[in-house]
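J.: what would the 3D arrangement of this be:
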Amino acid sequence: MIYDTLIEPFADFGFMRRALVASLALSIGGSSIGVFLILRRMSLMGDALSHALLPGAALGFLLGGLSLPAMSLGGFLAGMATALISGIIARFSSMREDASFAAAYLTSMALGVLIVSLRGSAVDLMNILFGAILLGARAAQETFGAAGLQAAGVLGGLADVDSVTVALARLHRQGIVTAEAASASILLATLANLAVKAGITLLVGGRDLAKLVLPTFLALALTTAAVLL
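T.: Down below sits the predicted model:
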């Protein structure tokens, strides 16, 4: 069962190995930057900038279609503009830097949703926001069945359990996956994300913080495992 779920997909299919390499590269690169931002008490910045890319990516799509350079350039410019605006707000007002980032990225994301909704009627907004996860989950479901979907949930949950949840809920609504398969994958993604959060708490916060947080994480993990079993 463990071999069929976690090892066989990567041994038999090249696209799964490429996805694993890409995930590991993102994890290694993002973890080092993430720890630095946490130590500087700027952990919101990474999340804020990632969401702030949407209006630029949407404009790049409207102007250049499904062009990776156009969407990447638009996202880069939108992220730079959001960072500059939040810095100006923090410098010339009494608002703290993290609060200015939160306001700027929410405004930027709302602008992106508005652009796509008004000018991109033929574009599915969910595919722009969660396209990679939707594609990966659907491919895993079609290739490996429920076991592949669960493996995709675990890998996606290591980074962002919310995106996995939205993607699987949408696939279920479209009739592509069953409620049982979607729920199991969401719970496995939650377990994987809890493991990541537990490791971050222990490594960054130290034992004192871990003693307060880890028992709750353990209780949640045991409850989730009980539901799965």
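J.: need the helices for this protein, in chain order.
T.: 2, 8-12, 14-39, 43-52, 54-64, 68-91, 97-119, 125-144, 146-157, 161-173, 179-200, 206-228 (DSSP state H).
J.: hey, which of those helices is tucked in deepest?
T.: helix 146-157 (a mean of 23; mean count of other Cβ atoms under 10 Å). Every C-beta, even on glycine, is put in place using the N, C-alpha and C of the backbone.
J.: that helix packs against which elements?
T.: Contacts defined by 3 or more Cβ pairs under 8 Å, 6 or more residues apart in numbering; DSSP states H and E place helix 146-157 against helix 8-12, helix 14-39, helix 125-144, helix 161-173, helix 179-200.
J.: need these in a markdown table (columns: distance to Ser94).
T.: A markdown table is the format used below for these (distance: least, Cβ to Cβ, whole Å):
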| stretch | distance to Ser94 |
| --- | --- |
| helix 8-12 | 52 |
| helix 14-39 | 23 |
| helix 125-144 | 33 |
| helix 161-173 | 32 |
| helix 179-200 | 31 |
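J.: of all residues in the chain, which one is nearest the centre?
T.: Asp160 (3.5 Å; Cα atoms, centre = their mean).
J.: for that one, give its distance to Thr224.
T.: 17 Å (Cβ to Cβ, to the nearest Å).
J.: same deal with Ala52?
T.: Relative to Thr224, Ala52 is positioned 32 Å away (criterion: Cβ to Cβ).
J.: equivalent analysis for Lys197, please.
T.: Distance from Lys197 to Thr224, by Cβ to Cβ: 13 Å.
J.: for Thr216, same thing?
T.: 13 Å.
J.: any low-confidence regions in this structure?
T.: 1-6, 15, 43-44, 66, 98, 119-146 (pLDDT under 70).
J.: so which residue of it lies furthest out from the middle?
T.: In the chain, Phe92 marks the outermost C-alpha relative to the chain mean, sitting 32.6 Å out by Cα atoms, centre = their mean.
J.: walk me through the domains of this protein.
T.: Per automatic domain parsing, the domain ranges recorded for the chain read 44-123, 126-229.
J.: which of these sits closest to Ala22?
T.: domain 126-229 (9.8 Å; Cβ to Cβ).
J.: gap between the closest one and the chain center?
T.: 11 Å (Cα atoms, centre = their mean, to the nearest Å).
J.: next: stretch 41-49.
T.: With Cα atoms, centre = their mean, you get 14 Å for stretch 41-49.
J.: begin at 38 from here
T.: Okay, using 38 as the starting number, the last item reads as stretch 78-86.
J.: got the CA positions of it in CSV?
T.: Only the C-alpha atoms of stretch 78-86 are listed here, as CSV (Å, rounded to 0.1, in the frame of the first residue of the first chain):
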residue,chain,number,x,y,z
ARG,A,78,9.3,39.5,11.6
MET,A,79,8.3,40.0,8.0
SER,A,80,6.6,36.6,7.4
LEU,A,81,3.5,38.3,5.8
MET,A,82,5.6,39.7,3.0
GLY,A,83,6.0,36.4,1.1
ASP,A,84,2.3,35.7,1.2
ALA,A,85,1.4,39.2,0.4
LEU,A,86,3.7,39.4,-2.7
